[in-house]
Every structure is written in structure tokens, then in C-alpha cells.
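Colleague: what follows is a predicted protein model with its sequence.
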Amino acid sequence: MINRRTLTGGLAALPLLRARGAGAQARYPDRPVRMIVGFPAGGGVDLTARPLAQKLSERFGQQFVVDNRGGAGGNIGMDLVAKAPADGYTLLVGNVGMLAINPALYSNLTFDTLTDFAPIAQIVAVPLAVAVPADLPVRNLAEFIAMAKARPGALNMGSGGNGGIPHLAFELLKRRAGIDVVHVPYRGSAPALQDLLGGRLQLMIDGYNLMRAAAESGRIRIIATTGRERLPALPDVPTVQESGVEGFEAVGWQGILAPAATPAPILAQLEEAIGWALRDTDLLRTYLAQGQLPIFQGREAFTQTVRREREQWTRVVREANVSLD
């Protein structure tokens, strides 16, 4: 016979069993996950997202699909993610420009980068390369600075647009080095690079992955990098700081975020999986070859990075008097 105590215990356990069953059926992810990239295919963020998406697909057994939603410096993609259901099936591949610089450039954003997103993990740091045309008679950054001081206002620097980290890194360099060089914004980095190759620009600061082919073919010369340490892909190229500009550092970064209300267990799963992916030798080799430094930061550390960098770049934007409204 079943006594009352046994029956009562069994009934009490029934909700727990049902909850476990429901949890087993709601395994995450059980369908494809979108990774929103706020820039066109082939750009720096896209080149970071695609190999990571492949590794996460392997890890979870579900497709992680890169979805390019370019426009407004990444704001279109961020708006989409901020308004998406907070269920882990829409993620943002964000960079320093989107998360830390845009809030200072645009006064009419429909979201707040500190409150509408849940940082999951930083994946790479991206020091920039400082390049000149191959026929410009300077061999290093010190010589370029000397030329700029001798010819104030006569040299041009091109970037992929106003307010991006290449532009702001240039503004920081101008102030620290005390030079007068004209900034020429383009609609994207590719046309700026074409004008650097054609000699219509005398300087460009951008990602090494963009400049790699031109540098390897000898059409441009990379004279410095903007990080604290030298790039493993360019071990013979000194940093800006090593070149005599004290205290200079301007490093981009990229990371993965979700809508703010995404459940903590899902965020934890993604954080762990991204950490696993960044231990993969092939993925590390891919990033290093692109001039990116694989750097894993979990949720707490990445959240602090976003806050700290937003404060830092807001100061630079205000000092440079840059606005896109």
C-alpha cells in the first residue's frame, strides 16, 4: 500500500518534475541564432563575426547566422537588437565606435548603450595601423610629424567617415603631436584607401586587415601602430608611443552583446561558449593574421570596459568638437 506520507511527498515533487521537464524541452538554443553586424559584409566587424559564428555553430549544434544591417555608424543594427525579444536568439556584434563613441556623436539615439544591452564577452582588441603612400619621403612617424610641422595645413589624412575610431585616433594624434593635418572623411574606408594609394592623401589610420594587401605589395608603408604593444602581425613596426608621442593609445575592440533583459542562464551559456571558441587555435590564427588581438573578457569585465571607454571617447569627441547630428 501507498501511505499518506509517500503520496504527499510524490505530489509535492510533481511541480519540480514538471519544471525539469519543461526546462529540458526549452534547451537553448533550439533554433538558429542571428548575430547582427551593423556594417556591410567584408568590413572589419564582419570579418570578426563570421569565423566566431562558425565556432559557435559547432559548439551548440545550431546555426549562428551573421546578419549585416549596415547604416548610421552601426546605429541601425543596434536599434534592431535593442528592440528584439530578449530570448538569446538575436545578438549584437558591437565595436568601440558603436558602443562607446556613437553616444557622444548622436543626440537622438533610440537606445542607451549602457542600459539597453547586456554585454556578454569582448572577443578582440584592434590596434590600428598608421600608413603613408609608398612614395611619400618619410620612413617613420617621427619623420611624418616633422614634415607636417614644416608644412602646416598642407597634408591630408583620410578616414572612413566622421566620428569613427580612425578619425578620433587621428584627432588624438594631432593634439599629442602638435601637428596641423587636414581630416578628409570618406563614405567608407575602402575609397579612402584608394586615395591613399593614388597619393591624394598623405596619411591614413585604419585596421591592418584593410591595409594588409596594399602594404604587402609595397604600395603603402605602415609606419606605426596605435596600441600599447606592437602587433604580432607587424613585429618590426613600432607603436605611436615608441615613435615619440608619449602616452598615446587608441585601440578598437569588438564584443558580443544581447538585449538587456536576456535571462542570465542564456548569457552564461554564451559567455562560456565564446571563451571556449577563443581557445581554438585556428580561430586565434585567423584573428592574429588580420591584425586583431584575441582578448576574452567575460560579462562583468566587458561591462566595465564599455563604461570606461565611453567616458574616455566622449572626452575626445568633445575636445575635437565632432558631431553628426
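Modeller: Thanks, I have it. Residues are numbered from 1 along each chain as shown.
Colleague: what's in contact with the host helix or strand of residue 169?
Modeller: In this assignment (DSSP states H and E), residue 169 forms part of helix 165-177. For helix 165-177, the surrounding residues in contact (C-beta atoms under 8 Å, 6 or more residues apart in numbering) are 95-97, 101, 128, 130, 145, 148, 157, 159-161, 179-181, 183, 185, 189, 203-206, 226, 240, 245-248, 250, 252, 313, 316-317, 319-320, 322. From N, CA and C alone the C-beta is placed, and that goes for glycine too.
Colleague: stretch 65-73 too?
Modeller: Contacts for stretch 65-73 (C-beta under 8 Å, 6+ apart): 32-41, 46, 49-50, 53, 76-77, 80, 93, 97-98, 102, 105-106, 161, 163-164, 324.
Colleague: now, those residues that are in strands?
Modeller: Among these, DSSP state E puts 33, 34, 35, 36, 37, 93 in strands.
Colleague: which residue ranges of the stretch 1-150 of the chain form strands?
Modeller: Along the stretch 1-150 of the chain, counting by DSSP state E, counting those that start in this stretch, strands occupy 33-37, 64-68, 90-95, 117-133.
Colleague: quick one, strands of the stretch 151-300 of the chain?
Modeller: Along the stretch 151-300 of the chain, counting by DSSP E, counting those that start in this stretch, strands occupy 156-159, 182-185, 203-207, 220-225, 251-259, 293-297.
Colleague: farthest pair within the ones in strands among the contacts of stretch 65-73?
Modeller: The distance between the two most remote of the ones in strands among the contacts of stretch 65-73 (C-beta to C-beta) is 13.3 Å, for 33 and 37.
Colleague: who has more neighbours, those two?
Modeller: Higher neighbour count among residue 33 and residue 37: residue 37, with 28 against 21, using other C-beta atoms under 10 Å.
Colleague: which secondary structure element of the chain has the lowest mean pLDDT?
Modeller: Taking mean pLDDT, DSSP states H and E as the measure, the chain has helix 4-25 as its least confident helix or strand, at a mean of 38.
Colleague: the residue nearest to residue 79 when sequence neighbours are not counted: neighbour count?
Modeller: Of all residues not flanking residue 79 in the chain, residue 110 sits nearest, at 5.3 Å (C-beta to C-beta, 6 or more residues apart in numbering). Per other C-beta under 10 Å, the neighbour tally for residue 110 reads 11.
Colleague: quick one, phi/psi of residue 110?
Modeller: With angles defined as degrees, to the nearest 10, residue 110 sits at phi -90, psi 10.
Colleague: now do the contacts for the closest residue to residue 89 other than its chain neighbours.
Modeller: Closest residue to residue 89 apart from its sequence neighbours, by C-beta to C-beta, 6+ apart: residue 33 at 5.3 Å. By C-beta under 8 Å, 6+ apart, the residues touching residue 33 are 56, 60, 62, 63, 64, 65, 88, 89, 90, 91.
Colleague: count the residues that sit near the first one.
Modeller: Going back to what we said before, that points to residue 56. Neighbours around residue 56, by other C-beta under 10 Å: 22.
Colleague: if I look at it, how far off is residue 274?
Modeller: According to C-beta to C-beta, to the nearest Å, residue 56 and residue 274 sit 7 Å apart.
Colleague: what's the answer for the last one, then?
Modeller: Noted for residue 91: a distance of 10 Å to residue 274, by C-beta to C-beta.
Colleague: so for the two, which sits in the more crowded spot?
Modeller: Neighbours per residue (other C-beta under 10 Å) separate residue 91 from residue 274, with residue 91 holding more: 26 against 22.
Colleague: and the more buried one, bridged to which residues?
Modeller: residue 35 (DSSP bridges).
Colleague: contacts only, for it.
Modeller: By C-beta under 8 Å, 6+ apart, the contact set of residue 91 is 33, 34, 35, 36, 81, 120, 256, 257, 258, 270.
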